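Q: Any chance you can model this:
(3 chains)
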Amino acid sequence: MTLLHTIYLIAIAAEAASGALMGMRRRMDLFGLCVVGTVTALGGGTVRDMILGHYPLGWVAHPEYLAFTVGAAIVAALLARRMHQLKTAFLWMDALGLVAFTVIGCDIAAGTGAKPVVVILMGMTTGVFGGLLRDVLCNQVPLVLRRDLYATVSLVAGMLYVGLLYAGVGEGAATATAIGTGFALRLLAIRFALALPVLEADISSFDDGLGEHR
Amino acid sequence: MTLLHTIYLIAIAAEAASGALMGMRRRMDLFGLCVVGTVTALGGGTVRDMILGHYPLGWVAHPEYLAFTVGAAIVAALLARRMHQLKTAFLWMDALGLVAFTVIGCDIAAGTGAKPVVVILMGMTTGVFGGLLRDVLCNQVPLVLRRDLYATVSLVAGMLYVGLLYAGVGEGAATATAIGTGFALRLLAIRFALALPVLEADISSFDDGLGEHR
Amino acid sequence: MTLLHTIYLIAIAAEAASGALMGMRRRMDLFGLCVVGTVTALGGGTVRDMILGHYPLGWVAHPEYLAFTVGAAIVAALLARRMHQLKTAFLWMDALGLVAFTVIGCDIAAGTGAKPVVVILMGMTTGVFGGLLRDVLCNQVPLVLRRDLYATVSLVAGMLYVGLLYAGVGEGAATATAIGTGFALRLLAIRFALALPVLEADISSFDDGLGEHR
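A: Sure, this is the predicted structure:
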C-alpha cells in the first residue's frame, strides 16, 4: 500500500524531528540527538515487535529507515531556530504519524494472530511508545501519560480499524476511515485543547505511606 | 493451582493500584493512570518473558488480565482519598503479591530449562521489576533500589522455593512454605522498618571524574 | 579467543563498578548497587540480543557472569573512598571495555546474518547501552547522549572491524586493529577533552508548543 508507506515515512521523519528537538533542550550532542530521534521514531514499533516476539524487527530488516531518521534528526536540529515557524506543519505531520503508526501496528499484530484487544493495544503501543521512550531518555514524566487527547486518538483509530475489518469492510476503506477519523479528532483536540480528566485528590498522607513502607 | 491463581489476581490488582496512585501524584490523566497501573502489575512478568524469549507473553495470550489491571487502576484512583484508610490492607496485598509473583516467576523460568541462579533471578524480576518500571515512568529513582527489605524478601522466597523443589519437596508444599515465609518476612520488615545497609561514602571527587570524563 | 574473553571480563567488572558508584551517589542500598552494576555491565548485550531475537541471552546461559558483576559492584562500593586514587586505571579499563564490547557485539550480530549497518549499530548498542540504562535507573539524562567522544569511539571501532573483515582481513587482525585504534582514540578523547558539537539554539518558543500541544 504505497500511500500508507509514504505516510509512514513522513511520520517517522516527524517523530525523529520531535525527538531531536527535545534532545536539544537537554543540551545533548549530535550523537544524542540522532539516538533520541531514532528511538522516538522507531521505538514504538520496536517495543511492539519485542512484545509479540515478531522477528526480525522492521529496521533490522530495513536499515535504510535508520538513515532516514538520523537524517531527519540532523535536519531538524539545524533548522531548530526556524521550527517554530513550521509548528503547524509539524503538528499536522505528527498527528498523521500517530494514526498511521496505529493502523500499521494493528496490522502487524493482527498478522501474528493476536486477539482483538491486543491488536488495538499494539496499535496504541506503536503510536505512542516512541514518544514515551523519548521522554524517559530526556528524564521527564512522559507527556503522553499526563495530558491531551493523544493516546485516546490512537485508541479510537485502532478500535475503528479493527471494528471495520471485523465487520467485513475492505482493508483500504478501513485504513482510510481510521486514519481520516483519527487525524480529524487529533486536530480538533489540538484546536480546542481537549483532554482527559486529571483526577485531583489530596493523597499526600497515602503517598507518604507508599514512600516510607515500600 | 487455584489458590495461587487467586493470589495472583489479588496481587496484580494491588500492583495496578499502587501504580495508579503514584501516577496521580504526578498529575497524570486517566489514560496515564491506566498505563502506569498496568505496567506496574504486568511489567515484571513481561520483562521476565522477554529475557527468556518465552512467547507469547502472559497478557497477550490472556488479555483479560489487562481489563483487570485497568479496572483496578481506575477504582484505586476514584478511591484515592480513602486509600490511606486502607493502607494496612494495601500493604498486606502488596506483600502477598510480591511473594506470589516470585514463586510464579520461578516456576515459569524453571519451565524454560534455565539454571537455578537464573530461575531465582527471574522470580525476583517478576516480583520487583513492575515497581521499578513504575518509578522510571514516574521519573524517580526506583524505590526498590534504595531501601527496605523488599527485593531481599523476593530473593529469600525464591531461594527457598527452588531449594525445596531441589530437595524433592512437592510443588504445593514448596509454594506454601516459600509464600508463607516470604510474606511473614515482608510484614516483619514493614513493622520493624528493616532495611539493607546504605553504604555512605564521600565519593564526590570520584563522581566529578565520572561526570567529566565519560 | 582467550585474550578477548579476558578483556571482556575486565570490561564487565569496570562497568559494574561504574554502575555501583553511580548508585551510591543516589544513596541506593546494597541490593540497588548490585542491580545497577549488573545492568550497566550486561545491559548492552541484553538489549542487543533482545533486538536481534538472539536467545538464550549470554548471562542466562552463563550465570557465572552475574556472580562476577555482583562481586565487582560490592568491591567497588567498599573501595569507593579510594576509587578516586584509581581513577586513571578505571578510565582505562572502561575505555578497553567500550571497544571490546563493540567488537563482541558486532561479532554476535554478524552471526545472526544482520546487514553491516545493523552489525555496527549492534556493536555500539553493546558498547554504550549499559551505561545508558544505568543513567535511566539513576534518574538522569544519559551521559552518553550529552557529551564526549564515547559513542563515536564505539562507532569508529565497529566500522573499522566490519570494514576490515569485509576487506578480507583475518578475524584476529581485525579485532586487534579495531580494539587498538578505538582504545587509543578514547584515551586521546579523555586527554584532550574531545567532544561532538552541541547545537545551541533558542528553541524555547517551539518547546512551549511541543509541551502544550502534544
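
Q: The residue of chain A found nearest chain C is in what secondary structure piece?
A: Nearest residue of chain A to chain C: A:Gly32, at 3.0 Å (Cβ to the nearest Cβ). Every C-beta, even on glycine, is put in place using the N, C-alpha and C of the backbone. Using DSSP states H and E, A:Gly32 sits in helix A:30-52.

Q: pretty sure the residue of chain A closest to chain C contacts A:Met22?
A: No: contact criterion Cβ atoms under 8 Å: A:Gly32 and A:Met22 do not qualify, at 10.4 Å.

Q: The helix holding A:Gly32 close to chain B?
A: Yes: for a cut-off given as Cβ under 8 Å from any Cβ of the partner chain, helix A:30-52 has contacts with chain B, namely A:Met50, A:Ile51, A:Leu52.

Q: Keep only the residues you listed that also lie close to chain C.
A: Restricting the residues of helix A:30-52 next to chain B to those near chain C by Cβ under 8 Å from any Cβ leaves A:Met50.

Q: Report all helices and strands that the helix holding A:Gly32 contacts.
A: Helices and strands touching helix A:30-52, by 3 or more Cβ pairs under 8 Å, 6 or more residues apart in numbering or on different chains; DSSP states H and E, are helix A:2-25, helix A:58-61, helix A:64-78, helix A:87-111, helix A:116-137, helix B:30-52, helix C:30-52, helix C:151-166.

Q: now those helices as a markdown table including distance to C:Ile10 and mean pLDDT?
A: Formatted as a markdown table, the helices and strands packed on helix A:30-52 follow (distance: least, Cβ to Cβ, whole Å; pLDDT from 0 to 100):
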| stretch | distance to C:Ile10 | mean pLDDT |
| --- | --- | --- |
| helix A:2-25 | 32 | 89 |
| helix A:58-61 | 30 | 94 |
| helix A:64-78 | 31 | 93 |
| helix A:87-111 | 42 | 90 |
| helix A:116-137 | 29 | 95 |
| helix B:30-52 | 25 | 95 |
| helix C:30-52 | 11 | 95 |
| helix C:151-166 | 16 | 95 |
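
Q: export those helices to CSV and tack on mean neighbour count and distance to B:Lys115?
A: Shown next, in CSV, are those (neighbours: other Cβ atoms under 10 Å in any protein chain shown; distance: least, Cβ to Cβ, whole Å):
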stretch, mean neighbour count, distance to B:Lys115
helix A:2-25, 22, 39
helix A:58-61, 19, 29
helix A:64-78, 19, 36
helix A:87-111, 23, 33
helix A:116-137, 25, 31
helix B:30-52, 25, 12
helix C:30-52, 25, 15
helix C:151-166, 22, 31
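
Q: For B:Val144, find the nearest of those.
A: helix C:30-52 (7.4 Å; Cβ to Cβ).

Q: what's the angle between the closest one and helix C:87-111?
A: With axes from the mean of the first three to the mean of the last three Cα atoms, to 10 degrees applied, the angle from helix C:30-52 to helix C:87-111 works out at 30 degrees.

Q: Just checking the distance from helix C:30-52 to the centre of its chain.
A: 10 Å (Cα atoms, centre = their mean, to the nearest Å).

Q: quick one: that helix to helix C:64-78, angle?
A: Using the same axes, to 10 degrees: helix C:30-52 against helix C:64-78 is 140 degrees.

Q: contacting residues around A:Gly71?
A: Not one residue lies near A:Gly71 by Cβ atoms under 8 Å, 6 or more residues apart in numbering or on different chains.

Q: separation between it and A:Leu133?
A: Per Cβ to Cβ, to the nearest Å, A:Gly71 is found 20 Å from A:Leu133.

Q: again, but for A:Leu187
A: Counting by Cβ to Cβ - A:Leu187 and A:Leu133 are separated by 25 Å.

Q: residues touching the spatially closest residue to A:Leu52 that is not a sequence neighbour, list them.
A: Among residues not flanking A:Leu52 along the chain, A:Thr112 sits closest, at 5.1 Å (Cβ to Cβ, 6 or more residues apart in numbering or on different chains). With contact set as Cβ under 8 Å, 6+ apart, A:Thr112 has these partners: A:Leu52, A:Gly53, A:His54.
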